[in-house]
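A.B. asks: 3D model of this:
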Amino acid sequence: MILSQQHRELQRTVEHFVQQEINPHIEKWEKAGSFPVRDIFRQLGDLGLLGISKSSDYGGLGLDFSYETVFLETLGGAHCGGVPLAISVQTAMCTPALANFASADLRGQFLTPAIRGEMVGAIAVSESGAGSDVAAIKTIAKSDGDDYLVNGSKMWITNAPCADFFCTLVNTGEGKAHKNKSLLIIPAKTPGLRIGGKLEKLGMRCSETAPVFFDNVRVPKHFRIGDEGAGFLLQMLQFQEERLAGAALTLKGLENCISSTIDYVRERHAFTAPLLDNQTVHFALAEMQSEVECLRALTWRAVEAYVAGEDVTTLASMAKLKAGRLSRTIPDQCLQFWGGMGYIEETRINRAYRDSRLTAIGGGADEVMLGIICKLMGILPGKRKSGE
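C.D. replies: Now for the predicted structure:
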């Protein structure tokens, strides 16, 4: 996809924001286990960066998803994964269904302030017994007049401690698992909703993550996105943007791993010569960069198709799968070339190694991506009836 001058201008704006407002503070934020979400979101909102592909009727820029991808790819150049993750939850995970399928009233109440950076959102789908298996969620919302009563819990919810609302997948019926679910917007201050303690994680340490508990939480039915029972489908559609975002976010981070490793092995000498002169090292780095370019091409091919209105479930799943694979192998290979220094937490490659591991898990694990791809290729074995 050829980027326009408008794309390039957006890219420069985001690069400047990352260099000025994020990277200088990362060491402090990582040690604190949090960052000033509301301050950062308000600044991004003022720049129009939290609603790039959202309708101008609700404060967005009204641009297509290719501009959102430029934003995400450039944001991924931050020297940590936690801040970009928290921001992408707001733009590509908890608001797409709200923007595309909710009522005008619901959009005005939650989408507009989210685009302005005045509200922080979170996506509440995963549960301790239902991560990648979305159909297995147990949280229920029973009808009670004009309201639902929600009971259950959600796990690993990014932005939960600071969220103003949750885009929440719940069971609203007793039928088939793919047809009994609905998406609800649940305000964080609703009585009965409780945020658990912050989770200590391997990586993404400055993004805040916590479980969310619902105990007879009363939610008006007009806070539902779309029709009752359509929640699973809407969440699957929402996953397309989430998975494209996951792939786009990895690109600059992987390139940062490679470039910082090149700098290190050029200066680091062993056996009287720079490590970079070792063919094992420079061949490996060349192959890593080639792999990143392949991922970039696949991601942008998927984005171009998405902008054209095509179903990109296969391409988005492939891009997410490849991003997850490379996010495991490239930081690991690079850390190996850093040797003992790579094992020290103060080095950037150490943080990248920890942060990037989530890519192969969040938004659907690698194995789930493979299952989706196989199904759409027509090679996934079907369920056999008893006796067959």
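
A.B. asks: quick one: pLDDT of the nearest residue in space to Glu367 that is not next to it in sequence?
C.D. replies: Computed as CB to CB, 6 or more residues apart in numbering, the closest residue to Glu367 that is not its neighbour in sequence is Ser132, at 7.5 Å. For the C-beta atoms, the positions are set from N, CA and C on the backbone; glycine is no exception. Per-residue pLDDT puts Ser132 at 81.

A.B. asks: Let me know the secondary structure of Ser132.
C.D. replies: Following DSSP: H, G, I helix; E, B strand; the rest coil, the label given to Ser132 is coil.

A.B. asks: Wait, it touches Gly364, no?
C.D. replies: Yes - with contact defined as CB atoms under 8 Å, Ser132 and Gly364 form a contacting pair (5.3 Å).

A.B. asks: And the two? Which one has more around it.
C.D. replies: Gly364 (24 against 16; other CB atoms under 10 Å).

A.B. asks: And the helices in the chain, which stretches?
C.D. replies: Here the chain has its helices, by DSSP state H, at 5-17, 26-32, 37-46, 65-75, 82-88, 96-101, 104-106, 112-116, 231-267, 279-307, 313-338, 348-356, 366-377.

A.B. asks: And these: which comes nearest Thr158?
C.D. replies: Taking CB to CB, helix 82-88 is the member of the helices of the chain nearest to Thr158, at 6.1 Å.

A.B. asks: Counting by contacts, list what the closest one packs against.
C.D. replies: When contacts are defined as 3 or more CB pairs under 8 Å, 6 or more residues apart in numbering; DSSP states H and E, helix 82-88 sits against helix 26-32, helix 37-46, helix 65-75, helix 231-267.

A.B. asks: would CSV of the ones you listed with mean pLDDT and mean neighbour count be doable?
C.D. replies: Below are the helices and strands packed on helix 82-88 laid out as CSV (pLDDT from 0 to 100; neighbours: other CB atoms under 10 Å):
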stretch, mean pLDDT, mean neighbour count
helix 26-32, 97, 15
helix 37-46, 98, 17
helix 65-75, 98, 25
helix 231-267, 96, 22
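
A.B. asks: Turn those into JSON lines, columns for distance to Gly108.
C.D. replies: As requested, these are exported to JSON lines (distance: least, CB to CB, whole Å):
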{"stretch": "helix 26-32", "distance to Gly108": "32"}
{"stretch": "helix 37-46", "distance to Gly108": "16"}
{"stretch": "helix 65-75", "distance to Gly108": "21"}
{"stretch": "helix 231-267", "distance to Gly108": "19"}
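
A.B. asks: closest to Gly340 out of these?
C.D. replies: helix 231-267 (11.9 Å).

A.B. asks: I'd like the helices of the chain as a markdown table, with distance to Ser143 appended.
C.D. replies: Formatted as a markdown table, those follow (distance: least, CB to CB, whole Å):
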| stretch | distance to Ser143 |
| --- | --- |
| helix 5-17 | 44 |
| helix 26-32 | 43 |
| helix 37-46 | 34 |
| helix 65-75 | 35 |
| helix 82-88 | 34 |
| helix 96-101 | 20 |
| helix 104-106 | 18 |
| helix 112-116 | 27 |
| helix 231-267 | 14 |
| helix 279-307 | 35 |
| helix 313-338 | 31 |
| helix 348-356 | 42 |
| helix 366-377 | 31 |
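
A.B. asks: Perfect, that will be all.
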